[in-house]
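K.L.:
A structural model of the following input is requested.
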Amino acid sequence: MRATARVWPTSGSDDHPEQAHPLVAPPRSTGVCISGGSTRSFAAAIGILRGLTVSGLLRHVGYLSAVSGGAWAAVPYTYCRDDAADDAQILGEHEEPEDLVLSRLEHVEPLSLASAATANFAAWLWDGQRDPHVLPEHVWVHAVGRMFLTPFGLFDPELPVGFTLNERVLSNIRSRNPALAGRHFHTVRSASYRPYLLVHSTLSWPRSETDVLRATRVGFEYSPLAAGTLPLRELSAEFDSTMRVGGFVESFAFGGRAVSPCDTSRGEMAVELPSRAFSLADALGASSAFRAPGRDAGTYPSATCWPVGAGGVPIASTQAFTDGGDLDNYGLLALLRRGVGRIVVCINSVWPLSLDYDPSSWPPDIDEVHRTAQPVDSSLAPLFGADSRKFSANRVFPEADFSVVIRGLQSAKRDGRTVMMVSNHTVQTNQSWGIQGGWTVRICWVYNEYVEAWVGRLREPLQGLVRRGHSVQPTGGGPVHRFPHYLTREQNPGELIRLTALQVNLLAHLSSWNVVQNRDTLADCLGAGEVGDPGAP
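P.N.:
Numbers count the residues shown, from 1 in each chain. Next up is the predicted model:
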């Protein structure tokens, strides 16, 4: 089916879809980043969103930028249907630590996001592998959709559904494309405010690369309005092979093929829609498709894409998409590219912050290959210019700022407080990410850590369980072993990414308390005391 799709032949920071769409008011220049980290980050994200909601800070957040496990929570939270439960049921109730009771923590409500993390993901993977109707590149998407979206009415494997921002935008899409009048689309929940959602993945090219770990990688993003990347660039590989990527196309048309040049006066293109609608599960699956040595490239999520504004009818090709954490595990760089000036970065790391680590020893000794131990999350130092095989193009801040951030976080941990600190950074130009430098961003760094001020207020026997789980390494920590740094995989032996209700609830409660307890600090970072609430998108 042919359709007319709105496109953004992106050439600058003002050309992002949500900032240039004629029917949409640009989001406020504030954001919350929720890192990747499998169901550990999923559980923390629930608490972060809960805390932002009950503290009244959520409406001061313009963007919600999420990667991988963080996106597993952010997508159903953003799109949960208006006829579904209210936000308290979706996210759970905020409780002070002394009010937590073990028997309640061992249970999750079926309407809550927390219930998804307790499902059997391995079973959904196996189900997709056995189903002859599920293509190899859809197996991961199928499992992610069944686990994190189906419980909230957002994924049906028999009928993939497109998505967009709201009914006004959807009406405009249908007015341009009457043949879509009967198609259902998911729209952002309007019963309560939602920040503008960005979900991040990595385009890995060429798709036929035997070892996808060696492929050329480009940051890619999905939002309610569009899918794409910035800036427009030409990629090169062996045998003089080249590919051009860049620009954004409306989400409902992503995965199709362009059949006309871009009409720059109208910002539109004629496209051949994909045979299978690009769905929320596709975006979520791409964001979390971890790369692994020896994995068949044909099993990664894939989609047809083409450069917008490259001149003439652009050439389309089918490419593989992998975990957003392959390039930016925080979702921070996309916000800096947009010039967002106030950001909360939630680092839901598997690595405890070492108090013995001296950040002045530069460059930091970050082992990205063997990962047997890390003094700090390995995605952080490359933002300040540390050498990194995985994040080699991520420098956006001065090197000297790294010590300031680490020492601030270490100080909070020594004091038993939420491991959080606020700092200002002069943004440096980064051509790989299309970031213009020379301006100042204010960031509140929030590190997933054990917080004695919270643990000390828990009642027995819960307090004893948490202390045992945190202190006993590497095994034998009981039902909340490694709390709050649950393993990315196999936290519970044989369960792949599955967590227990107790594990999910405890981490979500800690993360919610961290936000509520530090409301004033976060409000200052977000400028919440300076302007009124923004209108809903």
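
K.L.:
Tell me which stretches of the stretch 101-250 of the chain form strands.
P.N.:
Taking DSSP state E, counting those that start in this stretch as the criterion, the stretch 101-250 of the chain contains strands spanning 162-164, 185-187, 196-205, 216-222, 226-236, 242-250.

K.L.:
Describe which strands the first one pairs with in its sheet and in which direction.
P.N.:
Going back to what we said before, that points to strand 162-164. Strand 162-164 pairs in its sheet with strand 185-187 (parallel), by DSSP bridges.

K.L.:
And for the partner strand, what's in contact with it?
P.N.:
For strand 185-187, the surrounding residues in contact (Cβ atoms under 8 Å, 6 or more residues apart in numbering) are 79, 154, 161-167, 169-170, 173, 224, 252, 280. Using the backbone N, CA and C atoms, a C-beta is placed for each residue, glycine as well.

K.L.:
where does the protein have its least confident helix or strand?
P.N.:
strand 226-236 (a mean of 84; mean pLDDT, DSSP states H and E).

K.L.:
List the buried residues of that one.
P.N.:
Counting neighbours by 16 or more other Cβ atoms under 10 Å, one finds that the buried residues in strand 226-236 are Ala226, Ala227, Gly228, Thr229, Leu230, Pro231, Leu232, Leu235.

K.L.:
okay if I get these as CSV plus distance to Gln491?
P.N.:
Written out in CSV, the entries for those read as follows (distance: Cβ to Cβ, whole Å):
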residue, distance to Gln491
Ala226, 35
Ala227, 32
Gly228, 34
Thr229, 33
Leu230, 36
Pro231, 39
Leu232, 41
Leu235, 37
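
K.L.:
between the residues you listed, which is nearest Gly246?
P.N.:
Leu232 (3.0 Å; Cβ to Cβ).

K.L.:
Now do the residue nearest to that closest one when sequence neighbours are not counted against Trp8, distance only.
P.N.:
Excluding its sequence neighbours, the residue lying closest to Leu232 (Cβ to Cβ, 6 or more residues apart in numbering) is Gly246, at 3.0 Å. Between Gly246 and Trp8 the computed distance is 10 Å (Cβ to Cβ, to the nearest Å).

K.L.:
who touches both of these two?
P.N.:
Where contact means Cβ under 8 Å, 6+ apart, the residues bridging Gly246 and Trp8 through contact with each are Gly228, Val308.

K.L.:
can you dump the C-alpha coordinates of stretch 256-263 into PDB?
P.N.:
Presented in PDB, the C-alpha positions along stretch 256-263 are these (Å, rounded to 0.1, in the frame of the first residue of the first chain):
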ATOM      1  CA  GLY A 256       8.700   0.800   4.000                       C
ATOM      2  CA  ARG A 257      10.300   2.100   0.900                       C
ATOM      3  CA  ALA A 258      10.400   5.600  -0.600                       C
ATOM      4  CA  VAL A 259       8.900   5.800  -4.100                       C
ATOM      5  CA  SER A 260       9.400   9.500  -4.700                       C
ATOM      6  CA  PRO A 261      12.000  12.200  -3.900                       C
ATOM      7  CA  CYS A 262      11.400  14.300  -0.800                       C
ATOM      8  CA  ASP A 263       9.100  17.200  -1.300                       C
END
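
K.L.:
buried sites along it?
P.N.:
The neighbour-count check on stretch 256-263 (16+ other Cβ under 10 Å) flags Gly256, Arg257, Ala258, Cys262 as buried.

K.L.:
residues in contact with it?
P.N.:
For stretch 256-263, with Cβ under 8 Å, 6+ apart as the criterion, the contacting residues are 2-3, 5, 7, 9, 268-274, 304, 306, 308-309, 311-314, 316.
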